[in-house]
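A.B. asks: Sequence below, structure please.
(one chain, ligands or ions: 2)
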Amino acid sequence: MSVAAYKRIMLKLSGEALMGDDAYGINEEVVSRIVAEIAEVTHLGVQVGVVIGGGNIFRGMKGAASGMDRATADYMGMLATVMNAMALADAFRRAGVEARVQSALRIDQVVEPYIRGRAIRHMEEGRVVIFAAGTGNPFFTTDTAAALRGSEMAAQIVLKATKVDGVYTADPHKDPQAKRYHRISFDEAIGRNLAVMDTTAFALCRDQKLPINVFSIFKPGALKRVVMGEDEGTLVHS
Ligand SMILES: Nc1ncnc2c1ncn2[C@@H]1O[C@H](COP(=O)(O)OP(=O)(O)OP(=O)(O)O)[C@@H](O)[C@H]1O
Ligand SMILES: O=c1ccn([C@@H]2O[C@H](COP(=O)(O)O)[C@@H](O)[C@H]2O)c(=O)[nH]1
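C.D. replies: Ligands and ions are numbered 1, 2, ... in the order given. Down below sits the predicted model:
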């Protein structure tokens, strides 16, 4: 049997990725495919935490840009991630994988509150834990939540599954000349202002010596390759 490179991972899943080719919301086919890839990794015995984004539904910055109070807009963004988390958990249920949602904002009738010890226990029992509502605080992002929960859960790596296949010298969606890094240090990524993740997330992972692997969620098998320690995407390291 093949042996995974990590025992416990924290996967940051882009909210925007969940909409596939749709203009907004959750594309069930895409969600099922992503869930199947995560399930494959759990079958290797890897403990998986997932921090889900909300960009397919609402981003606080966008609300603030059109005149909303920023903190209010950010709370709306966090609630959007709860909807994504519930959709994901239901897709896991349909795939026969046990999953639990824990929310950093309390909505006890709907999902469990975030309780660190209980989250660790779920993972030890082989359940996927989906962390919703980011950090629970406005002015942050779900990238930072992934760095935070990854540190709290003592994950060995944060995997950022996104729409691009790694960290580039510039945003590849805007600059076709941009080149992909194979590896890059936290200090260089922060120093060069590489916006694939926010600086707070990079800085927290750097301080906790928690590496990040950025890879494309649209590339079939990429998640498994990262988990097997194969060369995929970009490794951000201390
Ligand atoms: N230097 C860079 N290298 C790679 N991607 C970059 C870079 N600079 C900006 N980006 C952009 O960052 C995006 C990924 O980050 P973003 O925060 O927008 O999405 P996400 O966190 O994956 O999704 P969501 O916010 O929906 O959860 C990429 O799609 C890319 O366009
Ligand atoms: O800790 C957090 C995490 C998120 N938010 C708000 O939610 C949206 C969606 O999250 P993404 O990371 O962009 O996917 C984000 O734009 C923030 O408005 C937050 O306030 N705090």
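
A.B. asks: Run through the residues of the protein sitting next to ligand 1.
C.D. replies: Proximity of the chain to ligand 1, by Cβ under 6 Å from any ligand atom, involves residues 14-16, 53, 55, 142-143, 162-164, 167-168, 170-173, 194-196. Every residue, glycine included, has its C-beta placed from N, CA and C.

A.B. asks: and the residue found closest to Glu40 once you drop the neighbours it is linked to in the chain, how many residues sit next to it?
C.D. replies: Leaving aside its sequence neighbours, Glu40 sits nearest to Lys224 (Cβ to Cβ, 6 or more residues apart in numbering; 5.7 Å). Residues near Lys224, counting by other Cβ atoms under 10 Å, number 19.

A.B. asks: again, but for Ser2
C.D. replies: 7.

A.B. asks: Residue ranges in the protein under the pLDDT threshold?
C.D. replies: By pLDDT under 70, the weakly predicted segments of the chain are 1.

A.B. asks: Which stretches in it count as strands?
C.D. replies: For the chain, the strands defined by DSSP state E cover 8-13, 47-52, 99-103, 112-113, 128-132, 157-162, 183-185, 212-216, 234-237.

A.B. asks: Could I get the contacting residues of the nearest residue to Asn27 once chain neighbours are set aside?
C.D. replies: Leaving aside its sequence neighbours, Asn27 sits nearest to Gly20 (Cβ to Cβ, 6+ apart; 3.7 Å). By Cβ atoms under 8 Å, 6 or more residues apart in numbering, the contact list for Gly20 reads Asn27, Glu29, Val30.

A.B. asks: Any idea how far apart the tips of stretch 13-24 sit?
C.D. replies: Terminal residues of stretch 13-24 lie 16 Å apart, using Cα to Cα, to the nearest Å.

A.B. asks: Report the distance from that stretch to the chain centre.
C.D. replies: Stretch 13-24 has its C-alpha centroid displaced from the chain centroid by 13 Å (Cα atoms, centre = their mean, to the nearest Å).

A.B. asks: quick one, what contacts Ala195?
C.D. replies: Ala195 neighbours (Cβ under 8 Å, 6+ apart): Asp171.

A.B. asks: Endpoint to endpoint, stretch 53-67 covers what distance?
C.D. replies: Its start and end residues considered, stretch 53-67 measures 22 Å (Cα to Cα).

A.B. asks: Stretch 59-70 now?
C.D. replies: End-to-end span of stretch 59-70 (Cα to Cα): 10 Å.

A.B. asks: For that stretch, which outside residues touch it?
C.D. replies: Against stretch 59-70 from outside (Cβ under 8 Å, 6+ apart): Thr72, Ala73, Asp74, Tyr75, Met76, Gly77, Pro138, Phe139.

A.B. asks: buried ones in stretch 155-175?
C.D. replies: 155-162, 164-168, 172 (16 or more other Cβ atoms under 10 Å).

A.B. asks: so does that stretch get close to ligand 2?
C.D. replies: No - counting by Cβ under 6 Å from any ligand atom, ligand 2 has no neighbours in stretch 155-175; the shortest distance is 10.3 Å.

A.B. asks: Skipping adjacent residues, who's closest to the closest residue to ligand 1 within the chain in space?
C.D. replies: Nearest residue of the chain to ligand 1 (Cβ to the nearest ligand atom) works out as Gly53 at 1.9 Å. Closest residue to Gly53 apart from its sequence neighbours, by Cβ to Cβ, 6+ apart: Gly15 at 3.3 Å.

A.B. asks: what do you get for Glu124?
C.D. replies: Gln47 (6.9 Å).

A.B. asks: cool, and Ala201?
C.D. replies: Among residues not flanking Ala201 along the chain, Asp143 sits closest, at 4.0 Å (Cβ to Cβ, 6+ apart).

A.B. asks: bridging residues for Val214?
C.D. replies: Beta-bridge pairing for Val214 (DSSP bridges): Lys160, Thr234.
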